[in-house]
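*Asks:* This is a predicted model, with the sequence first.
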Amino acid sequence: MATTPELIHGYLKAGMETTHLEVEGDGQHFSAVIVSPAFAGKSRIQRHQIVYAALGDRMREEIHALSMKTLTPEEYQG
């Protein structure tokens with residue numbers, strides 16, 4: 001089955017707490033805006049690691065490219 005933005009959205013929702021989540025893509029390349037309180041006090045690399053952990057092996061096996069904007073709820077509002 002082809003990976004879709006909806007599948008990635010579901011994986012992220014199931015794997016981490018989010019207050020806002022947008023995923024777009026064409027089946028090969030995806031982009032996401034991920035807003036989570038889990039990102040508070042974390043560096044950009046640490047935030048991406050949280051997302052990669054939520055996606056698990058799918059990041060290696062199903063998702064070829066994912067660009068992401070990771071924000072705390074406060075950063076998203078402001």
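*Replies:* Okay, I see it. Since we're looking at a predicted model, the values are computed, not measured.

*Asks:* For this structure, which helix or strand comes out least confident on mean pLDDT?
*Replies:* When each helix and strand of the chain is scored by mean pLDDT, DSSP states H and E, helix 58-61 comes last, with a mean of 88.

*Asks:* Would you mark the buried spots in that one?
*Replies:* Buried positions in helix 58-61, judged by neighbour count with 16 or more other Cβ atoms under 10 Å: 58-59. To be clear about C-beta, it is placed using only N, CA and C from the backbone, and glycine gets the same treatment.

*Asks:* from the middle of its chain, how far away would that helix be?
*Replies:* 13 Å (Cα atoms, centre = their mean, to the nearest Å).

*Asks:* Could you do stretch 19-35 as well?
*Replies:* 7 Å.

*Asks:* For the least confident helix or strand of the chain, give me every contacting residue.
*Replies:* For helix 58-61, the external contacting residues (Cβ atoms under 8 Å, 6 or more residues apart in numbering) are 3, 11, 52, 66.

*Asks:* For those, which two are the farthest from each other?
*Replies:* Thr3 and Tyr52 (15.3 Å; Cβ to Cβ).

*Asks:* where does Val33 land in three-state SS?
*Replies:* strand (DSSP: H, G, I helix; E, B strand; the rest coil).
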